[in-house]
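> Quick one, fold the following:
(2 chains)
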Amino acid sequence: MSLATEVQTRIPRNLLISMAVLVLAALGLSIYAWHVRKTVVATPAVPVNAGSLAPPVAGPTERVTLFVAHDEDGTLRAESAQIPMPSGRQQRADEVLQALVARYLGKSSPHALGPGSEVRSVFLVDPGAAVIDLNAAFADTHRSGVLVEELMVTSLIQTIAANTPGILKVKILVDGKERDTLAGHADLSDFYDVTAVNQLAIQLQPQ
Amino acid sequence: MRWTRVRSAGVPPAVARVSRPRNRVLKAFTLVVVCSLLLSGVPADKYLSVYSVAANYSVPIVQREGRDYVGLLELLEPLGRVNAKAEGVRWRLRFNNVDGMFFLGKTHARVQDRDADLIGKFLMENKRGLVPVTALSSLLPRILGGPVTLHEQSDRLFIGSVGTHFTAALSGDNPPRLVLHFSAPVNPTIANEPGALRMTFSREPVVAPASPTLTFGNKTIPSAIFSETKGAAVLTVNSSVPVMATFGGDGRTITIAPTGAAAQAATPNAPASSASTATPPPATTAGAPPATAPRRYFAVIDASHGGDDRGETLSSSLVEKDVTVALARSLRQELESRGITALVLRDSDANLTLDQRAIFANADHAAIYIALHASSSGRGVRVYTALLPIGDNDRGPFRSWTTAQHAALPLSQSTASAVAAELQRRQVPVRALAAPLRPLNNIIGPAIAIELAPQGSDVTQLTAPDYQQLVTSAVATAIVSSHDALGGAQ
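A predicted model of the protein is given here:
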């Protein structure tokens, strides 16, 4: 008696068929997995914008004043912008700074920011204190220099204070932590007095 | 201690009760003194003279294993908060915020988690850490965060740019007068020898001129020789007639001239009989030398950044920290040429924190603090003063570290305006602004910062000596014009 005949007599036919089906299924799944993996590797990674998880603000728009730094002549200029504004005070402060950063990240930016720069969040703390939290890319890619850093700090503080009444002092954090300077010069270790920054903004206006 | 307890209890101490504790205290004191003397060995006959902004002092040098050693704790104590702890063969040191670890018998130490070469073995005696004097020039910058210069042959150590420079000029022929002008007040010991007058500067950090031998081409006072020995600087003025020294200019000027009779002898038209009546010169100088006082500079120049902090990368081969040092040296030269004493806070590629810079400047009580920056953006020069909160400055006798500048801000602003006006007069584009720039707000005296940018788009202009001098010369002129107001504040 041959070996094949002996196997056929000892293993039931239905089991042999089931095993063959399973082997084929495993083979098929392996081929599919290999194909999927190749597709994933070939697809370029899409950057995840962690800061844009909130839904876009809808509703009525308002005219706000942005204080924009201009590097070419080292001045700070007031610009009007029409942006959708939520009703909450903190959300409004956040929205106005997002609009300011969008202005800097635009193509015709007068004060270029590095890619990925953003304001992570804004907190309003009574009485009269605001905390602006920048992300690390904002500070790490910012140009170094007394004037260029001073322009950016003044731009952020003057913009939030002008559009959010009642803010008396502002603290700037980077990635939720205290940092000595923005990019080696402008001091971030303490709260900024809004009145003093307002006077500085006047000095920085075009003559 | 028992003595104190009796007194604090309000009980009048009876004589009998006091005498026994006093005897014990005396015995204990005597024992401590004897032990100290025995343990410290033979008293040192060599001393290391240390000159710094904080203090000038000397520490004993001891001979161990054929080398000169000093106690690190004694050396650092006058310069800041220091403590040390011996743990077996390890000796832990903490100076301000700097940690160091030394190992008995090892030639390497760890300072801020980095290796430091001690050249010789580290020794411990009575829990005192001893390091070779030779190692100080490399070890101390790591601990102090600033430049240190060791004159090993003469046992003199300079911490920071504290050297007192001098110029010598001969004026007048009949009789000749040698005028020595020092960058800081001096009070040397003066001794007359046949044919020479020797001035010994044991407390002042007087440093050598360009050449140690100065020749004047005069028969009466032909030359002067500068030398350093045993922790002191010595200036020997050679003369063919007896000379005497007089002080002037707040101790900054010493005039050496023939004594009255010798002057007549040195003068060709003087009556011949006068020479025979010449009296011996006095052994020490006439006039009132100034009392020894802490060193003070009129201006402290701070070359911003340094070490790991490179500042702005101005181009692929140029960083801000290098430009600021060059600017600082140029400004010092311009100020000193106008008779203003100036200290460059960072005269090398040293790491200095903003707090350290403010502490140095405040300790010096300088009339003006000038921080220097360089930038590729914008055009010309920006002159900054501190941006401080409006109001909220009434803290009684206390002064907040973050707003220490408050009282001096008006003077800082007027000085900044004077600098801006002078630069404008020289047709350099300039702006005067407030800025959130440390350590301006931590300085208790007048303080400004200057940011230099190129006049065009070429950043290499920042390193051009003529452009640097144009700016530093204008700054120095403005400082001189504000001298009276600033000096009053000092």
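> Does B:P436 touch A:L151 like I think?
No - between B:P436 and A:L151 there is no contact under CB atoms under 8 Å: 11.3 Å. C-betas here are computed from N, CA, C, even on glycine.
> So in terms of bridging, what pairs with the residue of the stretch 151-300 of chain B found nearest chain A?
As assessed by CB to the nearest CB, chain A sits closest to B:V300 within the stretch 151-300 of chain B, at 18.8 Å. Per DSSP bridges, the residues bridged to B:V300 are B:L343, B:Y369.
> contacting residues for it?
Neighbour list for B:V300: B:342-343, B:345, B:360-361, B:364, B:366, B:368-370 [criterion: CB atoms under 8 Å, 6 or more residues apart in numbering or on different chains].
> Specify which member of those residues is nearest to B:L130.
Proximity of the contacts of B:V300 to B:L130 (CB to CB) peaks at B:F360, which lies at 27.5 Å.
> wait, is the closest one part of a helix?
Yes - assessed with DSSP: H, G, I helix; E, B strand; the rest coil, B:F360 lies in a helix.
> My guess is it contacts B:G80. True?
No - between B:F360 and B:G80 there is no contact under CB under 8 Å: 10.7 Å.
> more crowded one of the two?
Neighbours per residue (other CB atoms under 10 Å in any protein chain shown) separate B:F360 from B:G80, with B:F360 holding more: 24 against 15.
> now that one: how far from B:S52?
From B:F360 over to B:S52 the distance is 10 Å, taken as CB to CB, to the nearest Å.
> who touches both of those two?
Contacts common to B:F360 and B:S52, judged by CB under 8 Å, 6+ apart, are B:G160.
> Next, the residue most central in space within chain B: phi, psi?
Nearest residue to the geometric centre of chain B (CA atoms, centre = their mean): B:V162, 2.7 Å. Phi and psi for B:V162, reported as degrees, to the nearest 10, are phi -110, psi 0.
> I'd assumed B:V53 was in contact with it.
Yes - with contact defined as CB under 8 Å, B:V162 counts as touching B:V53 (6.1 Å).
> how about the residues of chain A near chain B?
Residues of chain A that fall close to chain B, judged by CB under 8 Å from any CB of the partner chain: A:71, A:73-74, A:143-148, A:150, A:153, A:180-181, A:184-187, A:189-190, A:192-193, A:195-197, A:199-200, A:203-204.
> let's see 7 Å
Contacts of chain A with chain B, taken as CB under 7 Å from any CB of the partner chain, map to A:71, A:74, A:143-148, A:150, A:153, A:184-187, A:190, A:193, A:195-196, A:200, A:203.
> Shouldn't B:A86 be within a helix?
No - counting by three-state DSSP, B:A86 is not found in a helix; it is strand.
> So what's the residue count around it?
When neighbours are defined as other CB under 10 Å, B:A86 has 15 of them.
> What confidence value was assigned to it?
At B:A86, the model reports a pLDDT of 88.
> That one contacts B:R128, correct?
No - at 8.7 Å, B:A86 does not count as touching B:R128 under the criterion of CB atoms under 7 Å.
> could you point out which element follows the worst-scoring helix or strand of chain A on mean pLDDT?
Lowest mean confidence among the helices and strands of chain A (mean pLDDT, DSSP states H and E): helix A:3-10, at a mean of 59. Sequence-wise, the next helix or strand downstream of helix A:3-10 (DSSP states H and E) is helix A:13-42.
> what is the rounded mean pLDDT of that following helix?
87.
> Mind listing what's buried along it?
The neighbour-count check on helix A:13-42 (16 or more other CB atoms under 10 Å in any protein chain shown) flags nothing as buried.
> who does that helix touch, helix- and strand-wise?
Here helix A:13-42 touches no other helix or strand, going by 3 or more CB pairs under 7 Å, 6 or more residues apart in numbering or on different chains; DSSP states H and E.
> how distant is stretch B:149-164 from the center of its chain?
Distance of stretch B:149-164 from its chain centroid, counting by CA atoms, centre = their mean, to the nearest Å, is 10 Å.
> what do you get for stretch B:171-180?
Taking CA atoms, centre = their mean, one finds stretch B:171-180 lying 30 Å from the centre of the chain it belongs to.
> Same check on stretch A:149-167?
19 Å.
> Likewise for stretch B:470-487?
21 Å.
> From the rest of the structure, what touches that stretch?
Identification of contacts with stretch B:470-487 by CB atoms under 7 Å, 6 or more residues apart in numbering or on different chains yields B:299, B:327, B:330-331, B:334-335, B:338, B:340, B:367-368, B:381, B:411, B:414-415, B:418-419, B:422-423, B:426, B:428, B:446, B:450, B:452.
> now the strands for chain A?
With DSSP state E as the criterion, chain A has strands at A:61-70, A:75-84, A:119-125, A:129-134, A:169-174, A:192-193.
> most tightly surrounded among those strands?
Among those, strand A:192-193 has the highest mean neighbour count (mean count of other CB atoms under 10 Å in any protein chain shown), at a mean of 22.
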